[in-house]
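Peer 1: 3D, please:
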Amino acid sequence: MKNEDVDLIHRILAGDEAAFTALVERHRKWIHSLAWREIGDFHAAQEITQDTFIQTLKSLPTLRDPNRFLGWLYVIAKRQCIEWLRRKPITMQSLDTMPKAELETVFYTQYLEEEQTRASTDGLRAVVERLLRKLPESERSVMVLHYFNGLTYEEVSERLDVSLNTVKSRLYRARKRLEQEESMLRENLGPNLLKNEPRYISIQANATTENGEHLAEGGFELTQTDKVFTSTGSHTMGLHGDYPLPMYMLLHYINHPNVIDLFKFPLAIGSRWKSEGPHKSKAMITLEAHETVGVSAGTFPSCLKHKTVFTDADVEEPDAEHGNAYLNGTRYLWFAKGIGLVKMRYEHSNGVITEAELLEYEMPVQEQEYLPSQIGTQWTYRWHNDYNDEAIVESWHVTRNFSHSKNLDNPLELASARYEVRINEDEPRVAHVKCVLTPKADSGPKADRKPLLLSMTRFGTEWLYDGYARYLQGLTVTNVHGETLLIEEIGKTQWVAEVESTSPLTLQYKVLINHDERDWPFGRNEAPYVQEDCIFLPGYALFIVGEVKDIQLKVDVPDSWHVSTPWEQIASDEHHFVCEDQDDLIFAYLVLGEYSKRLAKLGDAEVVIATGGRFKASIDKVQPTIESLLHGYSDVFDATPTGKILFVANPYGEKGYPGGGASGRSISVHVGGELDKASRRFWLPLVGYMISSLWVGTQAINFRGQEYWFSAGFTGYYSDIVSIRLGLTSESDFLRSFERKWESYLSRQGELSIREAGEDKSANRELVYDGGSLIAVALDLQIRTLTQNRSSLDDVMKQMYREFGLTGVTYTINDVIRIVNQIAGEDFKPFFSKYVTGTERLPLEQYLKAAGMNAEVAFGERLPSLNYILFEMLQIKSLGGPTGRGMFIHHSSEYQDDDELIDINGTPVKTFDDIRKAAKDWKSGDAVALTLKREGKEIILPITLSGDTSKRPPLEPGPLDVTITKNMDSTNLQRAIWSSIVGDKGEN
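Peer 2: Residues are numbered from 1 along each chain as shown. A predicted model of the protein is given here:
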């Protein structure tokens, strides 16, 4: 298949349009399935599929190695999904990284099954509701809260304000009443109702050593009908945030990340069926016999012996040999009726044996199934193989078992949402959230019961199988009569409740603020945390939302606490806010506590400053710095916008540690030292960029179509030059930032135009943000040169703000060209055609000479591919760590986890480029010496380089190096131009 792709790619590059059509047809289905599984919207996935292949055609000339086309195509599809999710964060679905052969058929079949089985789903729901209506309200409430919403006896007692004994007695009476309805259950929940109705089952898993040390965690998905029980995928996270190799999760051995039918009904000894296995393997499944099995959990008679033979696995490089040996082999599973899996033996083709046994189990409901799947079912296993030094203990927990409800594509819309967030002084790690939701009249389907969809964003939790819901407790929805509605979890951080009227509903839940127990991909500074005087809460980890725009929020905290947000405050109440829309609620930060708070203000532009811990005393230095930025931008634009920003700074980590990020109109930083001049080099660009966006970004001057090169790039340029003009940044730091952006731009220049890159700006930051900033530099230098320094880009920005910022009229690239022409007195259309809408390289060296600056661009020599060096030659499967703070090895059989790579053949290595340089003359079969720090001691490990000895390592471009210096022989005009750009205050 790979060779066919390579042939088609060569034909496409030669101009054969039919070849591109053939390539699309070969990969369209699995790309669509991948997109659908990522975003959860069948029809939107069709659009993403189309966009993926459009982007593929545009970027195909940049593909260096056609043999790696599949991985390259996967990355493009993933980027398209990420951008779609960014625009619609509420509909996020977790992405299971599943290869092509594992995705094609099941999701099209599933789509048809969902359409065919919705009627029976409604029937099942009607039965449950009829049963519950037979109970008195007092008993119905405790049943729903305890059995359907998962609240403990104590939580039900607190929610209903009744004693613990009352809760228990009501539950007992309710169960007794329902026992009398057994005939109704049998009649309505029989085979006719369940026929062909898919049930979607989620199992959470956690793997530890026998001493309790965490190894990995994951989520695994299955689908069950009356005909088949199918494993459909997984998403896992292992040690130190790396994706675990298969040996780290037992569930990988059972539920391969692939669509495989575990059972076909009816079950009969001797039954056999074939299935596609993972990584193009073939699987032959046989139900062999009934056997008695003894394990630590007990002796189980008549266990179903389930045999699968995996052959012909074809794992793609770089881990082909290990992966194929792991997948190919014979797996035996023994299932006990009413218990589930009790034993596994996997005989891998390389002679390794993986064995597992059941240690203990918990069944909330007795079922006579070989794999019980009721919510709350739990199993604990111990397993081992030659890949691990000690046995591993793994617990499984069924967390979801649902079928899709009717009319989910036409849910009830909300007219308004009124949130209340309360945190008590004696429970700082518990946020109590209450929200009154008012449905829109005449929205949703024309039916007696209408689905209300509720969800949390999945931003930053793609790796976490339950997302931010992991930290939720006591989720309930009640109607105006105080009746508790049945709420069903239908996916990761997604719930549905069916309502019978458009009267207001009350949503309640708790958020346990324990997120700082773990590391997060975006950094601890952007996840909820609690410090002595500060509680930090991003909206995406706090709020469950529905489809709504009219949003207000009240915060209830002790009188001595501050409340800081970027939301607009309602004048009559200090802690009462209104949000612009749903995104404004979700992607804002909320800070509570007795930290220091100040307001930097100029006109209607405000920056709320919140500093905690030892940074409290520094706030009086931070405030005037930020106020000077506001004045600096106001001077450039001759105007002040309306807008509010939140800046949060707290101490965290060792001295020198910096961590920071932004979301919406909020900024959060962690600094290991002090909030002083040294750390200002880190946080000032973040704050400067956000303040610059009040004048330049889409909040101030919005475009028609897509002009992110301008909004993002010019925001970055003015963030830099205003800081240096005010003396907040040194000239050397400014030049180094300029050099880094130039290097970044050159690393992607020519792949696509700076303007086109804005279609996927997150994936093309080098062109959109850095390239856009360099366009601003080039225009500023040329305008100053053409006008003898009488005009500049500042004049362009003033005019842009007058025409579009003050009026709300949207602009296009033609408006930018028109105003530049007007200010410069020359036609700049050719410039924009070459460097903005075209892909020619900006001749910045030439433009900088007009300001008395010299620039040298050194293109690094071609060096061996880093992936080939690590994966093939050194057999290192995972290498990483904080920049400049060590390079640590994980999940690599030739090494130990947490080995730190110090040097190679006596040459220190601190960066990936150091490794590439060290490998410049390597050949497979050569011997090299690695110096590692292992458990605090340095050791020298001799390694024979793996790989094909007949081939040299593939070469890739080396690092770029841009250097900008002053020309000591510059003219008065050149010095005047440079001085006008950067100012002459010097750093203060």
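
Peer 1: Show me where the stretch 401-550 of the chain has its strands.
Peer 2: 414-422, 430-439, 450-455, 472-478, 487-491, 494-499, 505-512, 529-531, 534-538 (DSSP state E, counting those that start in this stretch).

Peer 1: Partner strands of the shortest one, with direction?
Peer 2: Which is strand 529-531. Paired strands of strand 529-531, with direction, are strand 534-538 (antiparallel) (DSSP bridges).

Peer 1: Show residues contacting the partner strand.
Peer 2: 423, 428, 431, 511, 513, 526-530, 587-593, 595, 610, 612-613, 648, 650, 663, 666, 668 (Cβ atoms under 8 Å, 6 or more residues apart in numbering). Just so you know, the C-beta spots here come from the backbone N, C-alpha and C atoms, and that holds for glycine as well.

Peer 1: Thr687: what secondary structure?
Peer 2: Slight slip there: residue 687 is Val, not Thr. Following DSSP: H, G, I helix; E, B strand; the rest coil, Val687 is assigned to helix.

Peer 1: ok now do it, which residues does it touch?
Peer 2: Contacts for Val687 were tallied using Cβ under 8 Å, 6+ apart; they are 607, 626, 629, 647, 667.

Peer 1: closest to Phe20 among those?
Peer 2: Ile667 (44.1 Å; Cβ to Cβ).

Peer 1: Can you classify Glu739 by secondary structure?
Peer 2: Three-state call for Glu739 (three-state DSSP): helix.

Peer 1: burial measure for it, as a count.
Peer 2: 17 (other Cβ atoms under 10 Å).

Peer 1: Please flag which of the contacts of Val687 sit within helices.
Peer 2: Judged by DSSP state H, the contacts of Val687 include 626, 629 as members of helices.

Peer 1: which of the contacts of Val687 lies closest to His397?
Peer 2: After measuring these against His397 - Cβ to Cβ - the closest member comes out as Ile667, at 37.6 Å.

Peer 1: isn't the closest one right up against Leu686?
Peer 2: Yes. Ile667 lies in contact with Leu686 (Cβ atoms under 8 Å); the separation is 5.2 Å.

Peer 1: Those two: which is more packed in?
Peer 2: Ile667 (25 against 18).

Peer 1: Show me the beta-bridge partners of the more buried one.
Peer 2: Phe647, Ala662.

Peer 1: check contacts around it.
Peer 2: So Ile667 contacts 645-648, 660-661, 683, 686-687, 690 (Cβ under 8 Å, 6+ apart).

Peer 1: any chance of the residues you listed in CSV, plus pLDDT and distance to Ser271?
Peer 2: Shown next, in CSV, are those (pLDDT from 0 to 100; distance: Cβ to Cβ, whole Å):
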residue, pLDDT, distance to Ser271
Ile645, 95, 64
Leu646, 97, 62
Phe647, 97, 64
Val648, 97, 60
Gly660, 88, 58
Gly661, 88, 54
Trp683, 92, 64
Leu686, 92, 61
Val687, 94, 66
Met690, 93, 62
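
Peer 1: Just list whatever residues bridge to the nearest residue to Lys597 once chain neighbours are set aside.
Peer 2: Leaving aside its sequence neighbours, Lys597 sits nearest to His562 (Cβ to Cβ, 6 or more residues apart in numbering; 4.5 Å). Beta-bridge pairing for His562 (DSSP bridges): Gly593.

Peer 1: Number of residues surrounding His562?
Peer 2: 18.

Peer 1: I'd say it and Gly593 touch.
Peer 2: Yes. His562 is within contact range of Gly593, at 6.5 Å (criterion: Cβ under 8 Å).

Peer 1: Pick the most deeply packed of the strands of the stretch 401-550 of the chain.
Peer 2: Neighbour counts (mean count of other Cβ atoms under 10 Å) averaged over each of these peak at strand 534-538, with a mean of 25.

Peer 1: With adjacent residues omitted, what lies nearest to Pro372?
Peer 2: Nearest to Pro372 is Gly340, by Cβ to Cβ, 6+ apart, at 5.6 Å.

Peer 1: same question, His515
Peer 2: Per Cβ to Cβ, 6+ apart, closest to His515 is Pro528, 4.2 Å.

Peer 1: Number of residues surrounding that neighbour?
Peer 2: If we define neighbours as other Cβ under 10 Å, then Pro528 has 25 of them.

Peer 1: Run through the residues that contact it.
Peer 2: 471, 511, 513, 515-516, 535-538, 541-542.

Peer 1: And Thr230, by the same measure?
Peer 2: 106, 222-224, 259-262.

Peer 1: In a strand, Asn211, correct?
Peer 2: No. Read with three-state DSSP, Asn211 is coil and lies in no strand.

Peer 1: Now the phi/psi pair for Leu941, please.
Peer 2: phi -110, psi 110 (degrees, to the nearest 10).

Peer 1: any idea how far it is from Ile487?
Peer 2: 55 Å (Cβ to Cβ, to the nearest Å).

Peer 1: Could you do Phe536 as well?
Peer 2: Relative to Ile487, and taking Cβ to Cβ, Phe536 is found at 29 Å.
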